[in-house]
Every structure is written in structure tokens, then in C-alpha cells.
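the sequence and its predicted three-dimensional model are supplied below.
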Amino acid sequence: MQHGKRGPAFWLLGAFFCLFVLFLYGPTLTILILSFQGPGGGLTFPMNGVSLHWFRNLFEKQMVGDFAGSLQRSMILGVAVMLVTVVASFSAGLAFRSRFRGSAIIFYLAIASLIVPSILISLGIGLLYRVLGWDPAWYSSAFGAHLTWTLPFGLLIMFAVFNRFDRRYEEAARDLGATSWQTIRHVVVPILLPSLIGVGLFGFTLSYDEFARSLYTAGTFNTLPLEIYGMTTNVTTPVLYALGTVTTGVSFLVIALALLSVTWLRRRRARHGSDAGKAA
Amino acid sequence: MNRVKSWVTYLQVAPLALVFLLFLIVPIATIVVVSFFDYNTTQIIPAFLLQNYEELLLSPVTWRTYQQTIQFALITWALTLGIGFTVAYFVAFHVRSPTMQTVLFLICTIPFWTSNVIRMISWIPFLGRHGLANTTLMNLGLINQPLEFLLYSDFSVVLAYVHLYTLFMVVPIFNSMMRIDRSLLEAARDAGATGWQTLVNVILPLCKPGIAIGSIFVVTIVMGDFVTVRMMSGGLSASVGLMMANAMSLLQYPAAAANAVVLLLLVLFIVAAMMRLVDIRKEL
């Protein structure tokens, strides 16, 4: 839009933006630093030496509950939710390209799933299992509860993606004699791969960090966010921050992996031209 | 051919529909049914009673709690809207290179993919009695003793809400802004509008859908929240979610269910009002 010199509005807004970023990341950076607190240090500054004491502490089972176990459960659950979210959203996205009876209902259910407060879903599933006499568990009821949160995001992303998708690629594939399965496998999926990775990122991280929807659905064994929450009430040492650092580290690793693979795919496509995109 | 095609379509949408049926519709229906049940200290008893609703709606505590929750939602909404709009406006209209826009947008969204509980914990070293805020203020000589209201108060609850949920405003508003045809802004400038007039008369009206979507997210999340209130207020503030969680921990499931139904109706009412402003399907 405007060219030439930056006005005062730019610098004012830029400063506001920087403050906002500081506000977003500052606290997390602080606990990152404090998690390396020396063995005698407390929950606030000053740093009392630098050590890995609290990280070691974290992996000693008796000290802080079942960190390793809950981390493992959250990882498995996150991967499972991610896979189901990617497959179910992609397939529903395909279905929504043609009008079918009940499509409006399913669309509004997805919206409802987003706006019904998480605690109500959690409560409802917990009550349902109680009424039926089943035991809730992280791999059954919590799994379903997480899907009600990740699938609407997945579906909305797929809508946006298919709205921008050029159907001529598919027609070309069909004209060349591809079956519908081959068209999807060799044309649609490769073109949409970056978006599918994005949906997967949503699926994993939203499940890995979900608290409210796990609350009454996880059953006997805690997922990681529940475990962390439990710790906040009875742990008053920097081990809490070590836990925060490790958890946030895992999140950042997953985000970085997703972003890198998307960038890599884009670059490769720009260099070679994609088989699919360019209809070679 | 057509018959086969529609059969495939239903198969494609079946997994999604099944999840919503089993884990959304049936659980909500269960809440509604259980809200009419009777209960004693050990079990819930199938019945059709209005007693749970009577007890809920006749208690002044309920009204106070709902009032406080709505107040939290309103304050959070105003703050996240103001901050979110400003941030989105800067990235969409003042940053010129598309790559830079993407990078800044990602910087704003990355925290969304990390743990809320951890992000709340991370305020402790800042706001605590001996935290950074108090030490700094005392070193500057502005206060003589630590401010007690920084952590474990309504202030820290709202601060955490803004910290966690401004993202939900930034993303849809940014999306709306990026769709605005840039020639409209040029036209406004050519017609003699100042930057401020363009913002108020051109950009703001065109951002309404984004604002509505962001508002729906923020308001529904705050209305149903319980963990932020419990962690950041240290049990000093109340919220509807917390009230339900307390009933659940006392095994008063039907009481919690009745409260859940009232909350759900309230939230749906608010959302319906905001949806009048926007057609979500057009926004994708």
C-alpha cells in the first residue's frame, strides 16, 4: 500500500507489537531460565547457581508423581488423535465438495463442537460412562473427547483448502484414465500435503495440551496436562518449571518439525515442479 | 453412477459424523437427562425432578457466580479485541513484505500450540510476592511493600485470559484484513480520507466477520473456563465452571448437570446473537 518513508503510526504500532510479543513469550522464557535454578534456589529470582538438578528430579518417580508415564500417555494419545484427525477431516473435506443431505447438520455440529465449552463435553462424557457403568480411560473416553476439539479445526481447515483447490488437476487425471482412488492418492494428496501436515499439527498439539476435555474422561491414569495441574497444588520447587520447560520443548519440537517439512515441501515443489501440481 | 457416488460421500463423512454423535450429541443428551435425576450422597437415582433447577436458580450464589463469569467474559473480550485488532492491523497493513507478514503471524500463533497450564504457571515468577514485578517496583521506590493483588486475584485471572486467548482474536481478524481489496484503501486515500478515517470507515466494517468469530471463541472459552480461575485466583474468585467442578467433586452429578444445561443455553444464546453478524462458511 503506502510507499516511501514510515510514518509515526508505523513506529507506534511496531512498538505495540513488540510489547505484545514480549507479553506472549516473556513468562515462558522466565520459567525456562528458572528451571536451571541451583539445588538451593526457589520459585523466583535470584538464580541460586545453575544446575540440571530439577530436571533430574523430574525423572525420579517418587518425587513428583508419574511424569514419565503421563508424558508417554499424552504422546501416544496425541499421535492417535493426529492420525484420526488428518484422515477423518480430509475424507470429510472430500465429501463436503458435493452437496449431500445432512451436510448442513454436520457442518453445524462441527461449529457446535467448537463453541460448546470444553468442560461440558468432559462432564457429559464422564456422566455417560458413569450411567453406562463403564470406566473412563485416556485411550477411550479422553480420545473421543479430544477428537471433538481437533476435528472441527481439521474440517474448517480442509474447507479453506478445498475452496482454493483447482479441480482441473483432478479432471486431467481422470481424462488420463486414473481411477478415483488413484486421483486422490497421486494427485490430490500430494498437492494438499502441506495443509494435511498443518491439520496434523493441530491434531497433535491440541490433544497433547488439552486439559478441560481430559478432566472427567481420562480415568485412573493422568495425561500430562492433568499431571502438571495436580503438581501445581502440591509442588513448590522449580521442578515445576523443569516440567514446563520439557513440555514446551516437546511442543516447539513438533511445531518446528511441521513448519520445516512444509517449507521443505514448498521449496522442493518450486525447484522440481511437482508431478502432481504441474501435471507432467 | 449417481447412487454409487452419494454412497461414497456418506462413507467419507461417516467417521466425522460418528465422533460427533458419540462424543458430542449423546454426552450432551446425557447431561440434559441427568439434570432431572435425583441423587443422594452415594449415587444418582433416575427420576424426573425439577428440584436441581429450583435449587440452582433460587440460590443467590448462582446469580453472583454467573454475574462474575459474565463480567470476566466482558472485560476479557474488550481487552483481547483491542489488543488483537491492533496487532492484526499492524501486521496486515504496516508490514510490507509478505514473508515478514507470515513470520510475524507465526510468532503470534505459536503459543497457541503450547500448553495453557504451563503458560499460566509461568506467571508465578513475575507476579508472586517476591516476583519480578514487585521487586522491580520496590527497587524503583514506587512501593514500600509487595503488592498482594498481582497474583491470586481477579487481576491475575484477567491477565491470564488475555495472555492465553488474544490469539483467538488476532487470527480471524488478520484473516479478514488480508481479504480486503487494497484498491479500496487507495480509493479512500484518493478521496481525501486520513489514515484514521480509512481505518474507521473502511477497514473496521470489513473486519466485522473476523471480529465476530474471534469474539465467539473468546467469550465461549471464558464462559466455560474453570482451570484458569482456579489456578490464577488461588480459589478466591468464582466461575460457573468452577461451581460445576465443585459439585462434581462432591458427587452431586445432577446438580452439576443442571448447571451445565443453564450454562449451555446461555452460551448458545450469546453465540446465536453474534452469529447474526456473520456467515462463517463464507469466511473460509
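Cool, got the structure. Numbers count the residues shown, from 1 in each chain, chains lettered A, B, ... in the order given.

switch to C-alpha atoms for all contacts and neighbour counts from now on
Fine.

which neighbouring elements make contact with the helix or strand hosting residue A:33?
Residue A:33 is part of helix A:8-34, with elements assigned from DSSP states H and E. Counting contacts by 3 or more C-alpha pairs under 8 Å, 6 or more residues apart in numbering or on different chains; DSSP states H and E, helix A:8-34 packs against helix A:239-272, helix B:60-89, helix B:98-109, helix B:124-127.

okay, those, which one's buried deepest?
helix B:124-127 (a mean of 22; mean count of other C-alpha atoms under 10 Å in any protein chain shown).

and the next helix or strand past that one?
Later in the chain than helix B:124-127, the nearest helix or strand by DSSP H and E is helix B:132-139.

model confidence over that following helix, on average?
Mean pLDDT, computed over helix B:132-139, is 81.

what's the next helix or strand along the chain from that helix packed up against?
On the C-terminal side of helix B:132-139, the closest following helix or strand by DSSP H and E is helix B:154-178. Secondary-structure packing of helix B:154-178 (3+ C-alpha pairs under 8 Å, 6+ apart): helix B:60-89, helix B:98-109, helix B:116-121, helix B:208-223, helix B:227-233.

among those, which is nearest residue A:155?
Residue A:155 lies closest, by C-alpha to C-alpha, to one member of the helices and strands packed on helix B:154-178: helix B:208-223, at 16.1 Å.

tell me which other helices or strands the closest one touches.
helix A:103-115, helix B:60-89, helix B:154-178, helix B:253-275.

for those, which one sits closest to residue A:76?
Of the helices and strands packed on helix B:208-223, nearest to residue A:76 by C-alpha to C-alpha is helix A:103-115, at 23.2 Å.

confirm residue B:238 sits in a helix?
No: counting by DSSP: H, G, I helix; E, B strand; the rest coil, residue B:238 is located in no helix; its state is coil.

and the closest residue in space to it that isn't next to it in sequence, how far from chain A?
Once flanking residues are discounted, residue B:238 sits nearest to residue B:65: 5.9 Å by C-alpha to C-alpha, 6 or more residues apart in numbering or on different chains. Distance, residue B:65 to chain A, by C-alpha to the nearest C-alpha, to the nearest Å: 16 Å.

now whatever residue of the stretch 101-250 of chain A ends up closest to chain B: closest residue in space, sequence neighbours ignored.
Per C-alpha to the nearest C-alpha, residue A:124 is where the stretch 101-250 of chain A lies closest to chain B, at 4.2 Å. The shortest distance from residue A:124 to any non-neighbouring residue, by C-alpha to C-alpha, 6+ apart, is to residue B:27 (4.2 Å).

any idea which helix or strand carries that neighbour?
Short version, using DSSP H and E: residue B:27 is in helix B:26-34.

follow-up on the earlier one: let me know the angle separating the helix holding residue A:33 from helix B:60-89.
Here helix A:8-34 points in a direction 120 degrees away from that of helix B:60-89 (axes from the mean of the first three to the mean of the last three C-alpha atoms, to 10 degrees).

picking that back up, any chance of the helices and strands packed on helix B:154-178 in JSON lines, with mean pLDDT too?
Listed next are those as JSON lines, based on pLDDT from 0 to 100:
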{"stretch": "helix B:60-89", "mean pLDDT": "94"}
{"stretch": "helix B:98-109", "mean pLDDT": "89"}
{"stretch": "helix B:116-121", "mean pLDDT": "87"}
{"stretch": "helix B:208-223", "mean pLDDT": "92"}
{"stretch": "helix B:227-233", "mean pLDDT": "87"}
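
could those go into CSV alongside distance to residue A:200?
Formatted as CSV, the helices and strands packed on helix B:154-178 follow (distance: least, C-alpha to C-alpha, whole Å):
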stretch, distance to residue A:200
helix B:60-89, 25
helix B:98-109, 16
helix B:116-121, 19
helix B:208-223, 21
helix B:227-233, 26
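
and those: which comes nearest residue A:135?
Once the helices and strands packed on helix B:154-178 are compared by C-alpha to C-alpha, helix B:227-233 is nearest, at 23.6 Å.

is chain A contacted by the helix or strand just after the closest one?
Next helix or strand after helix B:227-233 toward the C-terminus (DSSP H and E): helix B:240-249. Yes: residues of helix B:240-249 are located near chain A by C-alpha under 8 Å from any C-alpha of the partner chain, namely residue B:241.
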